[in-house]
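Trainee: Turn this into a structure:
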Amino acid sequence: MDITLSEFHFIRPYWLLAFLPLLVFVFLSVKNKLQQGSWQAVCDAELLPYVLQEKQSPQSRVPLITNSLAAILTIIALAGPTWQRIPTPVFRNAAALVIVLDLSRSMDAGDIKPSRLIRARYKIADLLQNRKDGQTALVVYAASAFTVTPLTDDTRTINSQLSALSSDIMPAQGSNTAVALQHAVQLFKNAGLQQGQILLISDDNKIAQAIDQADLPSAFQLSILGVGTAEGAPIKLAQGGFLKDNKGNIVLAKLNSRALRQAAQESGGIYQQITDTDADIQRLSHYFDQKAKRNEAQHNDLLLENWVEAGVWLLLPILLLSALSFRRGLLADR
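Mentor: Numbering: from 1, shown residues only. Okay, here's the model as predicted:
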């Protein structure tokens, strides 16, 4: 932290107005002290030798001085003196990430072993491990969207929830990606953030229509991790067999990487298809880190308002001066 006395100011300068009543109080206290023991004002001159002692003990001014000094320091402390600035991690706001995980039935397809969904959970765990800065949230969806974890710095909380995520926990099936994206944006706004990154982990082949319906603000970039293969695979059911359409044909879930890539590019993010290695997570993590650094550089001017309050250091002398008032006879003459 650089100390620049030319930048000395008070964070709450209106507290300095308290000096006015303090001056009145000190004046009245001094006047009262001077009048104490002034028998000349109430006694005849002939009686004074019999009323007064030969030597009058001088009245101590120490209580008035110490209490006045303590009051002055208290007012200065409340006004918030400062001359230092400290860096505030503004980039953490820009680095905020909402992970949106598709829990529709198509994610149970087995073209990626052991299944699309299980592999996606592993990838989320790897991504959380690589997260260095910024808040992270997790949203799951099928026919509707739900918050698993709101924006938080504690990635371990999110990681602990992953094993419980399956398509069976959703109250209704479907693939309403538009609602999920709107839900993600609302999480940012609830946290007071005006920008952030969204990572959609899905195999949605109708992503273009979903993005149009979601009407994402440009401040929230959408990246996509495509889960699946172009060849596709049948969707296993928990009770056995495979998912079939209305005509009784087995549904073959295929991944349309081209549509997902185009959707990500148009939404300001990147597209990455899931891999057997960690290359996909490394690319996504690098992308999110670079976006955070660029946003940090653009918002350095916000550091000017982050002042270190120095008034707290006045508490010790204030306490020491105030302690003198607890001695019998110092605060008021007995």
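
Trainee: Per-residue pLDDT of the residue lying closest to E309 once chain neighbours are set aside, please?
Mentor: For E309, ignoring the flanking residues on the chain, the nearest one in space by CB to CB, 6 or more residues apart in numbering is G80 at 5.1 Å. Just so you know, the C-beta spots here come from the backbone N, C-alpha and C atoms, and that holds for glycine as well. pLDDT recorded at G80 is 88.

Trainee: Would you mind listing the residues in contact with G80?
Mentor: Counting by CB atoms under 8 Å, 6 or more residues apart in numbering, G80 makes contact with 10-12, 15, 309, 311.

Trainee: Kindly recompute the last result at 7 Å.
Mentor: Going by CB atoms under 7 Å, 6 or more residues apart in numbering, G80 touches 10-12, 309, 311.

Trainee: And L222, by the same measure?
Mentor: If you count contacts by CB under 7 Å, 6+ apart, L222 has them with 198, 200, 216, 264, 267-269.

Trainee: so what's the residue found closest to K244 once you drop the neighbours it is linked to in the chain up against?
Mentor: Distance criterion CB to CB, 6+ apart; nearest residue to K244, sequence neighbours excluded, is I250 at 5.6 Å. Listed by CB under 7 Å, 6+ apart, the contact set of I250 reads 234, 242, 244.

Trainee: State which helix of the chain is the longest.
Mentor: helix 279-298 (DSSP state H).

Trainee: Which residues belonging to it are considered buried?
Mentor: Across helix 279-298, burial judged by 16 or more other CB atoms under 10 Å covers 280-281, 284-285, 287-289, 291-292, 295-296.

Trainee: now do stretch 70-87
Mentor: Those would be 70-85, for stretch 70-87 by 16+ other CB under 10 Å.

Trainee: ok, so of these, who is nearest Q194?
Mentor: Among the buried residues of stretch 70-87, R85 lies closest to Q194 (CB to CB), at 22.6 Å.

Trainee: mind checking how far that closest one is from S163?
Mentor: Using CB to CB, to the nearest Å, R85 is found at 44 Å from S163.

Trainee: Run through the stretch 1-150 of the chain and note the low-pLDDT ranges.
Mentor: 1-5, 33-45, 47-60, 86-94 (pLDDT under 70).

Trainee: Helices of that one, start to end?
Mentor: Counting by DSSP state H, counting those that start in this stretch, one finds helices in the stretch 1-150 of the chain at the ranges 19-35, 48-51, 62-79, 91-94, 116-130.

Trainee: Using a markdown table, please lay out these together with distance to Q209.
Mentor: Converted to a markdown table, the helices of the stretch 1-150 of the chain look like this (distance: least, CB to CB, whole Å):
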| stretch | distance to Q209 |
| --- | --- |
| helix 19-35 | 66 |
| helix 48-51 | 103 |
| helix 62-79 | 58 |
| helix 91-94 | 29 |
| helix 116-130 | 21 |
